[in-house]
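*Asks:* Pasting a predicted model and its sequence here:
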Amino acid sequence: MDTTVTIMGIVIAIIVAIPIYFSARSSAANKSRILNIKKKFNPNNPQEFDLTETQSNKTLTIDQKNRKFILMNFNPNQQESTYVDLKSVSSCKLVLTTEGASDTIIKIDYEFQDRETSKKITIPFYDFDDDRIKQISAYQDHMFAKKWLKIIQDSI
């Protein structure tokens, strides 16, 4: 009986340990990737990005003191990072694209207006076609985008 209990304990420990190991490994890889992107846009002081938040394969980071913003999209279909110098923009707003007569959000973009040329800089944030969970993720991403819109506007 003691041998059976020991074997079952080892099996349960392995079943629990494997997902924890892969989760920790993935988290470390993501942190490394985020740090490399921060170094790319601020090679001397990547730690100056004082606020960083991740949700749904998207990471947003801002340096409120030096007014720099980076949106990192780690979507499997299209991985990209976009840098915006908030000193050079006068405003920011969210642009929602809905589908036909319904209220289904199919696209969310950040739209920055350049301070000198009044040119609009559009940064894609959410695309329904790239979403695996569909409408659940759209709502979460919309709330996340609204939260960060306020942070960005306060930094401009």
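*Replies:* Cool, the structure landed.
*Asks:* Low-confidence bits of this structure, can you list those?
*Replies:* Counting by pLDDT under 70, the chain shows low-confidence ranges at 1, 130-136.
*Asks:* can you give me the helices in it?
*Replies:* Secondary structure of the chain by DSSP state H: the helices cover 2-41, 135-155.
*Asks:* and among those helices, the most buried is which?
*Replies:* Of all those, helix 135-155 carries the top mean neighbour count, a mean of 16, counting by mean count of other Cβ atoms under 10 Å. All C-beta atoms are positioned from the backbone trio N, CA, C, and that covers glycine.
*Asks:* And the contacts of that one?
*Replies:* For helix 135-155, contacts defined as Cβ atoms under 8 Å, 6 or more residues apart in numbering pick out 51, 53, 55-56, 58, 60, 62, 64, 67, 69, 86, 91-94, 96, 104-105, 108, 110, 125-126, 128, 131.
*Asks:* which residues touch residue 90?
*Replies:* Taking Cβ under 8 Å, 6+ apart, one finds 113-115, 156 in contact with residue 90.
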